[in-house]
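> Show me how the following folds:
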Amino acid sequence: MPVLNRIAAYADEMTAWRRHLHQHPELQFDLGQTAAFVAARLREIGVDELHEGIAQTGMVAIINGRGDGPTIGLRADMDALPIAEATGAAHASLTPGKMHACGHDGHTTMLLGAAKYLAETRNFAGRVALIFQPAEEGGAGAKVMVDEGIMDRFGIAQVFALHNSPNQPLGNFQTIPGPIMAAVDAFDIHITGRGGHAAMPHETADPVVAAVGIVQALQTIVSRNHKALDDLVVSVTQIHTGSAHNIVPDTAYINGTVRTFDPAVQAMVMRRMQDIVAGQAASFGVEARLDYHVGDPATVNDPDATALAAAVAVEVAGAANVDAAAGREMGAEDFSYMLQVRPGAYLFLGQGPGAGLHHPAYDFNDEIAPIGASFFARLVERAQPLG
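This next block holds a predicted model:
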């Protein structure tokens, strides 16, 4: 079964929605224009209930089916990124320094397209809860929505989400049961030494040398402290120190990210980082403080929900275009918080060649919007059939 014909007929309208959203990007929870636009479309579509102001600018819309049954949740993220756009597109961002560089404009559009179809046909039992979420990009908006009780408030039994995937074949679905995306943590290391003249380093306690030693030692966590078959990333991404050629500074600063799947591996990293920072500081005669920030947990797909989602993807795209054992990746996603409290699945949808996610030249491919909308619609009909 290919893209639903009725949804295919919405293609031009969906493109217009998506490009409007793309031109008006907003960040994290500050999604006033975006939320107003989505709410207006949902009212036009004719949803049965619209609950706004969840997690500040998020919302949940309810569409009732034509029989008794459970409630299935479908989630789309709405926020953009603080990136200056370089696509050159006619529909490029009108807000300097902000752009939809991750395709959340497309995710929102796909869910709106599915909503329009489901509100027209209602060929399912129970209810569908359409979750439009703010602040996926660093704000853990999914956690806020979960903490505000959306799962219990709306009786959501299972929950699903899609993410576009640049440089994967157009219309190709990828997923996997179990962990699909990593937990993401961050760390900051503050080093305090004793500055002085660079010509007389013996009179100083050099934080620059200590910083270099710490960074090098942190790399041994992956190479020497963990089993090679366990996925782990420890990346130092910033080092800041110094002001001139001939001055040994007083301080240095290091930060970075840690990606894991196994809580035991995460705990090992935290322990080893503490040991390394303390030990290196002592060896160089400086003081150092590690601030370790536990972030979003791993995104873990429920096996039964993943099997259902993969079967629906086969209906929409064909068996040759569905990889249900695609492997996991070290990126992170706050949809993990929803999957911690309800079974469900997260899938990627290929959008063909182009710039990668979070790149200033990235743009969502409007050709996949009807495919994603069809997937969401058929998922509801398949999970909660009439009769």
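
> how about the helix or strand harbouring residue 283: buried residues?
Under the criterion of DSSP states H and E, residue 283 resides in helix 263-284. The neighbour-count check on helix 263-284 (16 or more other CB atoms under 10 Å) flags 265, 266, 268, 269, 270, 272, 273, 276, 277, 280, 281, 284 as buried. Backbone N, C-alpha and C define where each C-beta goes, glycine included.

> Out of the residues you listed, the closest to residue 172 would be?
Of all the buried residues of helix 263-284, residue 172 sits closest to residue 265, with 30.4 Å by CB to CB.

> For that closest one, give me the pLDDT.
For residue 265, the model assigns a pLDDT of 95.

> ok so, going back, including distance to residue 148, could the buried residues of helix 263-284 go into a markdown table?
Formatted as a markdown table, the buried residues of helix 263-284 follow (distance: CB to CB, whole Å):
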| residue | distance to residue 148 |
| --- | --- |
| 265 | 31 |
| 266 | 27 |
| 268 | 34 |
| 269 | 31 |
| 270 | 29 |
| 272 | 36 |
| 273 | 33 |
| 276 | 39 |
| 277 | 37 |
| 280 | 43 |
| 281 | 42 |
| 284 | 47 |
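
> residues near the closest residue to residue 146 other than its chain neighbours, how many?
With CB to CB, 6 or more residues apart in numbering as the criterion, residue 146 has its nearest non-adjacent residue at 5.0 Å, and that residue is residue 337. Neighbour count for residue 337, taken as other CB atoms under 10 Å: 19.

> in a helix, that's where residue 337 is, yeah?
Yes: assessed by DSSP: H, G, I helix; E, B strand; the rest coil, residue 337 belongs to a helix.

> from the chain's centre, how far out does the helix holding residue 283 sit?
28 Å (CA atoms, centre = their mean, to the nearest Å).

> list the helices and strands it packs on?
Applying 3 or more CB pairs under 8 Å, 6 or more residues apart in numbering; DSSP states H and E, we find helix 263-284 packed against strand 183-192, helix 207-224, strand 232-241, strand 251-260, strand 287-293.

> now the second one: how far from the chain's centre is it?
With CA atoms, centre = their mean as the basis, helix 207-224 stands 29 Å off its chain's centre.

> show me where pLDDT drops low in this structure?
Regions of the chain meeting the criterion pLDDT under 70 cover residues 1-2.

> Determine which residue lies closest to the centroid of it.
residue 333 (3.2 Å; CA atoms, centre = their mean).

> Which of the three states applies to it?
coil.

> show me the contacts for it.
136, 163, 181, 296, 299, 346 (CB atoms under 8 Å, 6 or more residues apart in numbering).

> likewise residue 337?
Neighbours of residue 337 in contact, by CB under 8 Å, 6+ apart: 140, 142, 143, 146, 296, 297.

> ranges for the strands of the stretch 101-250 of the chain?
Assigned by DSSP state E, counting those that start in this stretch, the stretch 101-250 of the chain shows strands spanning 127-133, 156-165, 173-174, 178-181, 183-192, 196-197, 232-241, 247-248.

> got JSON lines for these, with mean neighbour count too?
Converted to JSON lines, the strands of the stretch 101-250 of the chain look like this (neighbours: other CB atoms under 10 Å):
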{"stretch": "strand 127-133", "mean neighbour count": "27"}
{"stretch": "strand 156-165", "mean neighbour count": "25"}
{"stretch": "strand 173-174", "mean neighbour count": "26"}
{"stretch": "strand 178-181", "mean neighbour count": "21"}
{"stretch": "strand 183-192", "mean neighbour count": "20"}
{"stretch": "strand 196-197", "mean neighbour count": "14"}
{"stretch": "strand 232-241", "mean neighbour count": "15"}
{"stretch": "strand 247-248", "mean neighbour count": "18"}
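
> want to throw these into CSV with distance to residue 101?
Putting these into CSV (distance: least, CB to CB, whole Å) gives the following:
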stretch, distance to residue 101
strand 127-133, 17
strand 156-165, 11
strand 173-174, 21
strand 178-181, 18
strand 183-192, 18
strand 196-197, 44
strand 232-241, 18
strand 247-248, 38
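
> between the ones you listed, which one is nearest to residue 380?
Between residue 380 and those, the shortest separation by CB to CB is 5.0 Å, and it involves strand 127-133.

> what's in contact with that closest one?
35, 38, 42, 47, 55, 58-65, 69-78, 108, 111, 114-115, 118, 141-142, 145, 150, 154-156, 159, 338, 380, 384.

> Could you do stretch 32-39 as well?
Under CB under 8 Å, 6+ apart, the answer for stretch 32-39 is 17, 20-21, 24, 26, 50, 52, 57-59, 78-79, 108, 112, 132, 134.

> before we move on, back to that, please enumerate residues in contact with the helix holding residue 283?
183, 185, 187, 189, 191, 193, 205-206, 209-210, 213-214, 217-218, 220-221, 225-226, 230, 232, 234, 258, 260, 287-290, 292, 294.
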